[in-house]
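>>> sequence? don't have it. structure:
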């Protein structure tokens with residue numbers, strides 16, 4: 001198994017959602033750990049990198065071709081979730097740095113680094129369990145937020161449905177509830 005697949009396995013173990021187990025996310029983890037394909041996980045280190053540096057590392061060491069205009073995708077779809085999931089720290093060298101600064105940088109958290117260094121070793125699962133217990137699973141947090149906003153609907157037959165959040169489904173739920181309290185005539189003939 002290559003470094004990319006191993007990195008994805010680590011992200012999954014740490015409780016990141018499926019979207020953050022993508023190739024881009026796995027490459028970002030490798031860049032933040034300073035790992036090339038032939039480097040063992042035990043030699044991972046905390047690299048303080050701007051998104052530009054991350055992109056250049058991936059392109060140079062993994063033969064990818066991420067363009068300069070992909071920085072916002074890395075920020076929105078990878079690094080934001082890494083910070084929320086306690087995988088990375090944003091601006092650990094200067095937490096007061098403006099979010100719009102060109103110097104904004106990221107590094108692995110101490111806890112994530114400990115887990116990453118243990119990949120492939122007997123204590124990996126123990127360290128993962130401790131990490132998830134202490135920091136929580138981002139996938140579970142996202143699922144809990146989604147579940148909190150679900151719309152429950154009970155049909156006149158007693159069947160219960162759950163609709164995803166949103167104005168359209170809220171309207172559908174109201175229609176179903178009103179329909180249960182009256183007879184609906186389809187086609188306008190009233191037969």
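Alright, I've got the coordinates. Treat the numbers as computed from the prediction; the structure is a model and nothing was measured. Numbers count the residues shown, from 1 in each chain.
>>> ok, residue 46 to residue 59 distance?
21 Å (CB to CB, to the nearest Å). Yep, even glycine has a C-beta here, placed from its N, CA and C like the rest.
>>> out of the two, which sits in the more crowded spot?
residue 46 (18 against 15; other CB atoms under 10 Å).
>>> Could you pull up the contacting residues of the closest residue to the more buried one other than its chain neighbours?
Distances taken as CB to CB, 6 or more residues apart in numbering put residue 107 closest to residue 46, at 4.7 Å, once the chain neighbours are dropped. Shown in contact with residue 107 (CB atoms under 8 Å, 6 or more residues apart in numbering): 32, 46, 47, 48, 49, 88, 89, 92.
>>> and this structure, what are its domains?
3-136, 149-180 (automatic domain parsing).
>>> deepest of those domains, which one?
The highest mean neighbour count among these, using mean count of other CB atoms under 10 Å, belongs to domain 3-136: a mean of 17.
>>> any idea of the mean pLDDT in it?
Averaged across domain 3-136, pLDDT comes to 92.
>>> distance between that domain and the chain's centre?
When distances are taken as CA atoms, centre = their mean, to the nearest Å, domain 3-136 is centred 11 Å away from the chain's centroid.
>>> did I read that right, the residue nearest to residue 46 in a strand?
Yes - assessed with DSSP: H, G, I helix; E, B strand; the rest coil, residue 107 lies in a strand.
>>> what sits opposite it in the beta ladder?
residue 89 (DSSP bridges).
>>> Please identify which helix or strand holds residue 92.
Under the criterion DSSP states H and E, no helix or strand holds residue 92.
>>> Can you give me every residue that contacts it?
Applying CB under 8 Å, 6+ apart, the residues near residue 92 are 48, 105, 107.
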